[in-house]
Every structure is written in structure tokens, then in C-alpha cells.
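# Just the structure for this:
(chains A, B and C)
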Amino acid sequence: ENESMSDSLSDDCVSQEEDVMTPAELISKLEEAWLNEKFSPELLENRSEVVECVMEQLTHMESNLQRVKKGDAKASVHRMEIDRIRFVLSSYLRSRLQKIEKFFPHVLEKEKSRAEGQPSLLSPEEFAFAKEYYANTETYLKAVALKRMPPNLQAVDLLKAVPEPCLDSFVFLQVKERQENIFVEPETDDQREYVVDLEEGSQHLMRYRTIAPLVYSGAVQLI
Amino acid sequence: MFCEKAIELIRELQRNSEGQLPAFNEDGLRQILQEMEALYEQNQADVNKAKSAARSDLIPSIKLRHCCLLRNQRCIMAYLYDRLLRIRALRWEYGSVLPANVRFHMSAEEVQWFSQYKKSLASFMRSLGGGAGLDITQDMKPPKSLYIQVRCLKDHGEFEIDDGTVILLKKNSQHFLPRWKCEQLIRQGVLEHVVS
Amino acid sequence: MDTQSYCPVPPGVGMEENFLSLDDILLSHERLPVRTECVFPRLGFLEKSSDTQDIPEATKMELPLWLSKGLYERKRKVLSVELPKVYREGWRTVFTADPNVVDLHKMGPYYYGLGSQMLHFDSPENPDIAQALLQTFIGRFRRTMDSSQNAYNEDTSALVERLDSLEKVLFRSGQNGLNSFQSWEKGQASQLTASSLVLNYRKRKLADVQT
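From the prediction side, this is the model:
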């Protein structure tokens, strides 16, 4: 039985629904966020509370590991666990960064037009990164080419030039909470739209656009 | 036909389909910009004639040249942008110090873009976890399990490992097993760690 | 399993092009048979066969897709675009009869891409063209994907030779999936390997030294 070296989480890392989240629950949340981000064609809401808590958790586990006697069998298991969590966290952040760069004008536009009180797509650090990426790229293209072109061709709308994420991509999903009456658009002209119920635990392959709201709400998990 | 140089630039990149960076084609870029200048001047002259001398018959040619201008602009943008994507990949695959032979293929402005990009990235990574920092350019692969090679010194019967697999530990059989599972049996003299 | 850090701008879906996509730019470079429906003054040099200063009305010539799209207007007589042979009724019948027989690389190489773009020119045959593209694709898809899953480490060049560019992309991603799966099975997935990008640069560096 793998014993986790982690004790209970510090007071900062509490979930909104319960009083305290166990380390196992935290890592589980990280893994869910990781898979969703990996398989979603668009950038999802930022989970910086999870990121911060996991990083605290890792620091905690590292210092615990220092106290273990060398050669103790448990040490290698806990080393593995730390490495594994760090891999998942890095992979999650990389997925997000990749999408931020890939869709940078759209991501920034979305953030700009966000209503008050709506959750932010980007963490503050990601927002800074995105703005720098935009400025860097725009400055470069202007200096090297656009400024040297005829006057009526010196502007390129990056929102039009850089494509948006393709929400019609198909994704695999697992249903966590039973959903009724999900409206599915027809694929071809001779099909008609239909309605489907998603049973808890079932797996499906569907267009992302159809089930995007269910990913946000946590009702389905992308796999 | 116009825009032949422009398609050449695109073909250059397409030939390097794995994402390597060919040398920056400064000459090619300059030639395309020159063609754009020429097309623009011809169009300016024709637009003036069309207005002042009521030469609306010139409009199809004006439109054609304008299409060529847009085409050249598009090809240049796509060429420069795709190169940036390749340069970006270098930060992730190579690291923050690029080998000389790659740098030679970059224009001064591309080197500048790269320098700014890695600064941004470094700043981002430093700020993670409330300032604790995390290098996300490491850990690109899931960690490998800690397995070791063992030889069985005496019959020990069936032995179950974590994923449900059952191994038969017969004297002299060799196995590749998770380290931590074996530690106790090694201590007991049932298994011997084989170091190759 | 390689971490893909270089992600080029993909081609547009269906009739759309992506402005920055290299694939779409190359696709739109393909030439189409057209007929001018008005005079193009002072551009006679574009039309190699005659020696006039202007391109006269009713001239038959070839123009790249990007220019044809740019000039074409539904309501005005500027240009009429002919269907390339492979999208006309004769060939459509051949394709739908046995789609797997055809060498789409020779007929293309952007058979589906160019076909989709042809729909911009308001031909009365558009519904039939669209249908033929779809049927051909469906007819060939099964065999393409099956081959991509069975051809691990075998020489696939004979197969791949006859694929159009879209099919090639699908084939390659099928192969990548297969290769990833196989190497995962063998426990190679977590092996730290030098990035293929780095290896390619090293190969070229050697080549540079040798020249």
C-alpha cells in the first residue's frame, strides 16, 4: 500500500465546497484539470488555486523526503510520487502555454471582453506572458516586413490571421454526472438533430462544441 | 506571373517539414518587397487615370495587381510567422542557448525575438506557485518506474506485483521487477539483485 | 514518443483557408483553366501565347487559384473558371465507381483541397462535385487508415505514393499513433531520447561540414 508522505494540506489550500481537501483529492483535481486541458481544443479556465496548492504540496513532500533515512525502501517510492506529480503539473502548464501561444490574439481578446465577475481564463502570470508574446510578435512582424510594405498594406489584423481553436474537433469523454437531453447537431444534411442522455460512467466520442459547457461544470471528464 | 518569389519562400519552409530552420532568405524577402512597391506604383498611376480621365476600363487590372499585393503580403507573413514557430520550438527542444549553426540561420531580428521569448518564459516560470518557481521545460516525459533485474536464489512460489500480474519465483529464474517490491525479498536472501 | 513543439498553422476546414497556413498557400498556388470576361489593360505580358499589350476579353489561359478567387465575382463578368478535368463528370464517375483504384497524388496532389476550393466559383455542378469528393474520401478512408495501422516499420512508400495530401496527413498521424502505442507497449515511451529536432540539426551539421 503506497503511503503518501504528504500530511494534510496547509490552511491556504482549501477547496471552496468543503473545509479541507486531502492531498489525494488535490492531486486528483490536478489530474482532472490536466487531462481536460490536454484534450480540449480550446484554452480552459485557469485553475491557479490548484497549481499553487500542488506546488506547496511538492515543497512539503520534498522536505519530508530529506528526513527519511537513505536506503529506506519508502524513499524511492516517494521520490517517484514527487516526480510523477511534478510531471503532471508541468505537463498541465505546458498544455496551457502552448494554447496561449497558438491562439494568442483570441485569448487576449476574450480576456479583454470578459465581464466583471466572470472567472478569468488566464492566471495573472499567464496574462503577462500572453501580452508579452503578442507585443514581441507584433513588433517583430511590423519591423521586419509590414513597415516596408506599401501604405495600404501595413496593417494585418492578427485576430483574422491567426486561426481560432476548432471547437468542432471530436473528443473522448467520460461522464461523471448523469446528463439528460443533450442536444446533438446533425452531421449531414439528411440527418436530423437529436437528443441523448449521458449515463454516469459511460464513455463517448463527441464534438467538443456540443459538450463544452459540461467540461466547465465538471459533469464530464475528457480522456 | 507575379508572386513567384513569394511561393519560393514558402516552398523553402515546406521542404523542411520536420521543423528545422533553414537560413533566413533576406534576398528573397527584399525582392518580394520590391515587387510590391512596383505593383503599388503602377496601381497608383492607374487609379489616378481612372479617376481623372474616367478610365474605368483600368479597374480589372487595378484589381489584379491588388490581388498580387495581398498575395505577397500573405506569403511574407506566413513565412515569417512559421519561422517564429520553429524558433519557439528550439527553446523547448534545445534549451535557452542555441548552437552556432542554428543561430547563423536566424536574422538579427529573429535572434531578438528569441531573446525576448525566453525572457518572458523564464519570468513566467519564476512566478509560478507564488514565486517559488518551476522549470516546466524539464519533466517532458513521465517518470520511468524504478525496476531492477533480479535472480531468484531459491523457490519461493507465486508473487503478485502491483498491477495484478503474478510472477512465479523459481530458483535461477530472472525477473525485472519494481525495486521497492523486491527489497524485502532481497534482504531475505530469496532474490539477488543482478547488476549488468 | 516525441513532444511536438513545432505546431505549424493547420490548413483551413472545408472551403475556408487559413491566412498563415503554408499548406493553404501551396494549395492556392495550383493553376486553373479560366476565361477572361473583360479586358485587362497593360497586362498582356501575363499571357504568354500572344504578344498584345492588353489581355483581350475571352482569352483562355491558366491562373493560380488565389488570383482566380480574388478576381472572380458572381454578379460581374470578370472571369469564368473552368472545372479541372478531375472534377468533371467523366472522372467523377470513375472515382465513385472504385475510389481505391485512383492515384490521387498524380491527380492532385491537393485533390480534396482544390476540389473544396472549386466550390467558390458557383458552378451548377457544385452539389455533384461536393458529393463526389465526399464519396471518394469515404471510400478510400477505410483502406488508408487500415494500412496505417498495419504498416508499422514496413515500407509504406508504395501505399503513400498514391495518396492525396490530406490523406497523407491522416496516414502519418495514424502511423504516429501506432508507433507511439507500440513503443509504449515495449516500455520505450518513458525512455529519455534526444529530441528528433536536435538529431536532425546534428545530421545537417555533419552534412554542412562535409560540403
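
# Tell me the buried residues in stretch A:151-162?
For stretch A:151-162, a neighbour-count test (16 or more other CB atoms under 10 Å in any protein chain shown) marks A:153, A:156, A:158, A:161, A:162 as buried. Backbone N, C-alpha and C define where each C-beta goes, glycine included.

# go on, stretch B:13-29?
Taking 16+ other CB under 10 Å as the criterion, stretch B:13-29 shows B:13, B:19, B:20, B:21, B:24, B:25, B:28, B:29 as buried.

# now stretch B:3-18: mean pLDDT?
Stretch B:3-18 shows a mean pLDDT of 94.

# Which residues outside that stretch are in contact with it?
B:22, B:25, B:28-29, B:31-32, B:35, B:68, B:71-72, B:75-76, B:78-79, B:82-83, C:6, C:22, C:25-26, C:29, C:64, C:196-197, C:200 (CB atoms under 8 Å, 6 or more residues apart in numbering or on different chains).

# re earlier: out of the buried residues of stretch A:151-162, which comes closest to residue A:143?
Nearest to residue A:143 out of the buried residues of stretch A:151-162 is residue A:156 (CB to CB; 13.2 Å).

# Now the phi/psi pair for the closest residue to that closest one other than its chain neighbours, please.
Spatially, and ignoring its direct neighbours in sequence, residue A:156 is nearest to residue B:77 (6.0 Å; CB to CB, 6 or more residues apart in numbering or on different chains). Torsion angles at residue B:77 (phi, psi; degrees, to the nearest 10) stand at phi -60, psi -50.

# can you pull the contacts of residue B:77?
A:141, A:145, A:156, A:161, C:19, C:20.

# rewinding a little: same for chain A: which of the contacts of stretch B:3-18 are within range?
Filtering these for proximity to chain A by CB under 8 Å from any CB of the partner chain leaves B:29, B:76.

# Mark which of the contacts of stretch B:3-18 are buried, thanks.
B:25, B:28-29, B:31-32, B:35, B:68, B:71-72, B:75-76, B:78-79, B:82-83, C:6, C:22, C:25-26, C:29, C:64, C:197.

# Chain A contacts on chain C?
Checking chain C against chain A by CB under 8 Å from any CB, the hits are C:7, C:9, C:10, C:12, C:13, C:18, C:19, C:20, C:21.

# doesn't residue A:166 make contact with the fifth one?
So the one you mean is residue C:13. Yes: counting by CB atoms under 8 Å, residue C:13 touches residue A:166, with 6.8 Å between them.

# Spatially central residue in chain C, please.
In chain C, the centroid-proximal residue (CA atoms, centre = their mean) is residue C:110; its distance is 2.5 Å.

# so what's that residue closest to, chain neighbours aside?
residue C:27 (4.7 Å).

# again, but for residue C:70
Closest to residue C:70 by CB to CB, 6+ apart is residue B:67, at 3.5 Å.

# what about that neighbour, neighbour count?
21 (other CB atoms under 10 Å in any protein chain shown).

# One more: residue C:93?
Residue C:93, neighbours per other CB under 10 Å, totals 10.

# swap in residue C:85?
10.

# Now do the same contact list for it.
residue C:91.

# repeat for residue A:30
Here residue A:30 is in contact with A:50, A:54, A:85, A:88, A:89, A:92 (CB under 8 Å, 6+ apart).

# Work out for me the element the fifth one sits within.
Assignment of secondary structure by DSSP states H and E places residue A:89 within helix A:73-102.

# Likewise for residue B:69?
helix B:59-93.

# which bits of chain A sit near chain C?
Neighbours of chain C within chain A, by CB under 8 Å from any CB: A:98, A:102, A:160, A:161, A:162, A:163, A:166, A:168.
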